[in-house]
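# pasted the sequence and its predicted model underneath.
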Amino acid sequence: MGEAIHVRMYRDEDLPAVLELLRVALGETALLKRTPELFRWKHIENPFGRSVMLVAEVDETMVGLRAFMRWQLDYDGDVIHCGRAVDTATHPGYLRRGIFKRLTTDALDVARDVGIQLIFNTPNELSRPGYLKMGWSDVGPIRVLLRPHPTRLLRGRHVSFPSLDELAPMAIPIESDSTPGADLAYGHTGGKPDPTGLRTPRSSRYLRWRFAEHPTARYGATVGSSGTAVLRANLRKGRSELVISDALGPNPAEAVRTAVRTSKADYDIASFPSSSPGRHAARSAGMFPVPGVAALRLVARSVDSLEIDMFNPKSWRLALSDVELL
């Protein structure tokens with residue numbers, strides 16, 4: 001095939017063709033529907049800004065998409081303008097024609113022009129080598145904390161997707177205005193300051209968009225006197241899991257313990273940075289790290305010069321809500 005590949009910026013009228021490309025290239029599951037509402041929530045309504053999106057066409061046929069979802073990270077009071085590399089797709093009939101590389105190169109130029117300083121993402125095993133060849137660096141694994149419920153695990157695998165009410169019957173719908181300690185998500189614990197690191201600022205607007213307004217995933221919360229645990233039901237390899245996506249407030253231990261105590265999942269899973277209130281809360285609830293088990297692997301690429309050792313895992317202070325597939 002010698003057809004010319006045309007790369008241009010995404011336009012709103014491209015949405016139907018882009019969604020079909022995502023379905024063909026990346027698939028679609030009961031837990032991840034490629035809906036217009038999800039795409040607009042992620043790329044247009046994002047409080048951090050509209051995504052940088054480029055498409056590739058061959059004879060007016062959509063064959064490639066590269067999106068850098070806008071994000072912000074706080075580092076010791078400084079705002080770092082970021083992009084998250086998500087929804088990268090090449091039509092199966094046009095692989096090995098340089099579309100991924102060309103879209104990425106052009107998108108990095110646009111990202112630099114709009115003030116993005118850092119790109120980060122969690123590619124899978126198949127796509128990670130391509131990122132490393134294009135200048136991304138491996139930061140390291142994102143380790144998880146687990147709490148299994150052995151009697152449920154012994155009952156066998158689930159055949160249908162459990163609801164949040166089934167897995168955490170005490171969970172309430174999350175609303176940012178009633179979330180204790182939202183802006184203190186990684187503030188202080190035990191009177192000691194949380195170590196400096198790259199973290200997502202939890203403003204009320206962010207919380208509303210991220211959890212309450214998500215069009216396909218249903219989040220709930222258990223609330224304690226000094227914090228909130230944000231929860232999501234999931235099904236992984238036939239096993240039901242209760243995902244503790246985030247822990248907000250100066251002391252979310254009570255909320256996390258309530259989530260674990262009332263959980264009806266096969267197991268509970270979480271990930272929080274070391275020495276954070278969330279990690280202390282998870283450990284107090286009986287969750288433990290599993291050596292060698294990583295939920296995801298973080299990679300990053302600088303777009304502008306930063307005085308941060310961003311390739312050191314200790315520079316990152318992320319919870320699962322920061323890296324979950326959106």
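Thanks, I have it. Numbering: from 1, shown residues only.

# show me where the stretch 1-150 of the chain has helices.
Using DSSP state H, counting those that start in this stretch, the helices of the stretch 1-150 of the chain run over residues 15-26, 36-43, 99-113, 128-133, 150-153.

# so which elements touch the third one?
It refers to helix 99-113. Counting contacts by 3 or more CB pairs under 8 Å, 6 or more residues apart in numbering; DSSP states H and E, helix 99-113 is packed against strand 6-9, strand 52-58, strand 61-75, strand 78-90. C-beta here means a position set from N, CA and C on the backbone, and glycine is covered the same way.

# now with 6 Å, please.
On a contact count with 3 or more CB pairs under 6 Å, 6 or more residues apart in numbering; DSSP states H and E, helix 99-113 meets strand 52-58, strand 61-75, strand 78-90.

# list the residues that contact L231.
By CB atoms under 6 Å, 6 or more residues apart in numbering, L231 lies in contact with 168, 171, 220, 259.

# on that earlier part again, out of the helices of the stretch 1-150 of the chain, flag the one nearest S321.
Set against S321 and scored by CB to CB, the helices of the stretch 1-150 of the chain come closest in helix 36-43, at 14.1 Å.

# send the alpha carbons of that closest one over as PDB?
Output in PDB follows, covering the C-alpha atoms of helix 36-43 (Å, rounded to 0.1, in the frame of the first residue of the first chain):
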ATOM      1  CA  PRO A  36     -19.200   9.500  22.800                       C
ATOM      2  CA  GLU A  37     -19.900  10.500  26.400                       C
ATOM      3  CA  LEU A  38     -16.700   8.900  27.700                       C
ATOM      4  CA  PHE A  39     -14.600  10.400  24.900                       C
ATOM      5  CA  ARG A  40     -16.000  13.900  25.500                       C
ATOM      6  CA  TRP A  41     -15.600  13.500  29.300                       C
ATOM      7  CA  LYS A  42     -12.000  12.500  28.900                       C
ATOM      8  CA  HIS A  43     -10.800  14.800  26.100                       C
END
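
# mind listing what's buried in it?
When burial is assessed from 16 or more other CB atoms under 10 Å, helix 36-43 yields the following buried residues: 38-39, 41-43.

# and if you look at stretch 43-61?
So, applying 16+ other CB under 10 Å, buried residues of stretch 43-61: 43, 46, 48-49, 51-58.

# what of stretch 221-233?
By neighbour count on 16+ other CB under 10 Å, the buried set for stretch 221-233 is 221-224, 226-233.

# mind picking the two most distant members of the residues you listed?
Using CB to CB, the buried residues of stretch 221-233 reach their maximum pairwise distance at S226 and A233, which is 25.1 Å.

# quick one: low-confidence residue ranges for the chain.
1-2, 30-31, 175-195 (pLDDT under 70).

# outline the domain layout of it.
According to automatic domain parsing, the chain comprises the domains 6-116, 142-297+318-323.

# relative to N124, which of the ones you listed is closest?
Evaluated with CB to CB, the domains of the chain place domain 142-297+318-323 nearest to N124, the distance being 8.7 Å.

# so how far is the closest one from its chain's centroid?
Put simply, domain 142-297+318-323 sits 13 Å off its chain's centre (CA atoms, centre = their mean, to the nearest Å).

# can you get me the start-to-end distance on it?
Start and end residues of domain 142-297+318-323 are separated by 9 Å (CA to CA, to the nearest Å).

# buried set for stretch 157-165?
162, 164.
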